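S.K.: structure here, sequence nowhere to be found:
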Ligand SMILES: [Zn+2]
């Protein structure tokens, strides 16, 4: 797929914004899934190998040639410029949407790419990591999801290796029991912009490649940026997240199909 259709842009935007403040209904049925679609998930007959069978709009999950996640191995060293991130806002809300825990961000934080404003919409988590780096999996991966007004997507990914407890995660994790009890409903989160930024490493080296959403509809042309340096998460923090859902929430590694991966 070389170009997002207007329809899929709208569907994507609906997906991204389905957790807006005024929306307290369950987000398990995202707008893109339609009324007769089955839920997608991570296990059994709704798991990743079945996603494309659940809804014709999920076609790319099996037909795409630039799918995510991947095993990230650099193919060209071009001294990438630092990411132009200006995170100036904190959390708007937090939600357990049935697939992950997602922190929605107040408008105003931006990642600039080639002169275009990719606005930070939300970040969320996967256990274990979805992407691997040089064949290595991590206990946790955070995805910072950005979108332009016309629906182009960019993700910044941060890996967490096992180690000391992460203080910002601890603040978020305190909400986990309340979130599960109120699945699909937004709660207050109370993260400052500094706390959001604390979830990114000091060393800003990263990998850059083109990929997809790692969840249905698996839309492509997503600009991926994966920081090389992991933060730490305690064993207890990682397992508390997995326990919340009762299963891992990582899509299996997809074929790179000889994609260019810059560092
Ligand atoms: Zn994700």
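M.R.: Arrived safely. As the structure is a computational prediction, the values presented were derived from the model and not from experiment.
S.K.: use CA for all of it now, contacts and neighbours both
M.R.: OK.
S.K.: how about low-confidence regions in the stretch 1-150 of the chain?
M.R.: 1-38 (pLDDT under 70).
S.K.: please, where are all the helices along it?
M.R.: 6-17, 51-54, 60-63 (DSSP state H, counting those that start in this stretch).
S.K.: surely residue 241 and residue 124 touch.
M.R.: No. Contact criterion C-alpha atoms under 8 Å: residue 241 and residue 124 do not qualify, at 11.4 Å.
S.K.: which parts of this structure are strands?
M.R.: 71-72, 84-86, 91-96, 101-105, 110-113, 116-126, 132-133, 140-147, 153-162, 206-211, 222-227, 231-233 (DSSP state E).
S.K.: contacts for stretch 79-86?
M.R.: 109, 110, 111, 112, 113, 204, 205, 206, 262, 263 (C-alpha atoms under 8 Å, 6 or more residues apart in numbering).
S.K.: list buried residues within those residues.
M.R.: Buried members of the contacts of stretch 79-86, scored by 16 or more other C-alpha atoms under 10 Å, are 109, 110, 111, 112, 205, 206, 262, 263.
S.K.: picking that back up, and residue 241 and residue 124? Which one has more around it.
M.R.: The residue with more neighbours, out of residue 241 and residue 124, is residue 241; 22 against 19, by other C-alpha atoms under 10 Å.
S.K.: which residue is the nearest non-sequential neighbour of that one?
M.R.: Spatial nearest neighbour of residue 241, excluding adjacent residues (C-alpha to C-alpha, 6 or more residues apart in numbering): residue 127 at 7.2 Å.
S.K.: for that neighbour, give me its contacts.
M.R.: 139, 140, 141, 238, 241, 242, 248, 249, 250.
S.K.: what's the pLDDT at the fourth one?
M.R.: I take that to be residue 238. With respect to pLDDT, residue 238 has a value of 97.
S.K.: surely it meets residue 140?
M.R.: Yes. Look at residue 238 against residue 140 with C-alpha under 8 Å: they come within range, at 6.5 Å.
S.K.: these two - which one has more neighbours?
M.R.: The neighbour count for residue 238 versus residue 140, taken as other C-alpha under 10 Å, is higher for residue 140 (27 against 21).
S.K.: show me what that one bridges to in the sheet.
M.R.: As for beta bridges, residue 140 partners with residue 160 under DSSP bridges.
S.K.: surely it and residue 161 touch.
M.R.: Yes. Taking C-alpha under 8 Å as the definition, residue 140 is a contact partner of residue 161 at 7.1 Å.
S.K.: now do the shared contacts for the two.
M.R.: Shared contacts of residue 140 and residue 161, counting by C-alpha under 8 Å, 6+ apart, come down to residue 233.
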